[in-house]
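J.: Take this sequence and fold it.
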Amino acid sequence: MMIHELRNPIDVETPLGYGKCIAWLDYGPDVNTVWKIVFYHDGSVRNFYDDDVYVHPNKMDGGEIKPHFKNQKHEFNSEDRSKL
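T.: Below is the predicted model of the structure:
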């Protein structure tokens, strides 16, 4: 297991609300990375797998949320897998 404390917290959205990620926990290649999130509304800390965390792009860096992108998951077909 590896724990990485972030020097600069990342603003994120989770199923339970908005917060900032303060650390990642990596248990190896067989388990999704776990994000430690501190919530803005009450200061509580919760753990989330990386597929439950959405990082908003920073507009100052040229990032922008595409209206059709949010909350859509890509499904791979056999042609996509051959490109991996």
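J.: thought residue 9 was touching residue 35?
T.: No. Using C-beta atoms under 8 Å as the test, residue 9 is too far from residue 35 to be in contact (10.9 Å). Heads up, the C-betas are built off the backbone N, CA and C, glycines and all.
J.: Mutual contacts of those two, please.
T.: residue 21 (C-beta atoms under 8 Å, 6 or more residues apart in numbering).
J.: Nearest residue to the middle of this protein?
T.: Geometric centre of the chain, nearest residue: residue 53, 3.4 Å, by C-alpha atoms, centre = their mean.
J.: Distance check, that residue against residue 17.
T.: 12 Å (C-beta to C-beta, to the nearest Å).
J.: now swap in residue 34 and tell me
T.: Taken as C-beta to C-beta, the span from residue 34 to residue 17 is 18 Å.
J.: in its sheet, what does the top strand by length along the chain sit against?
T.: If you go by DSSP state E, the chain has its longest strand at strand 2-14. Sheet pairing for strand 2-14, assigned by DSSP bridges, gives strand 17-26 (antiparallel), strand 54-55 (antiparallel).
J.: Can you list the low-confidence ranges for this structure?
T.: Counting by pLDDT under 70, the ranges of the chain that qualify are 61-84.
J.: mind redoing it with 50?
T.: 69, 74, 76, 80-84 (pLDDT under 50).
J.: returning to what we had before: for residue 46, which of the strands paired with strand 2-14 is the nearest?
T.: Residue 46 sits nearest to strand 17-26 of all the strands paired with strand 2-14, at 8.0 Å, using C-beta to C-beta.
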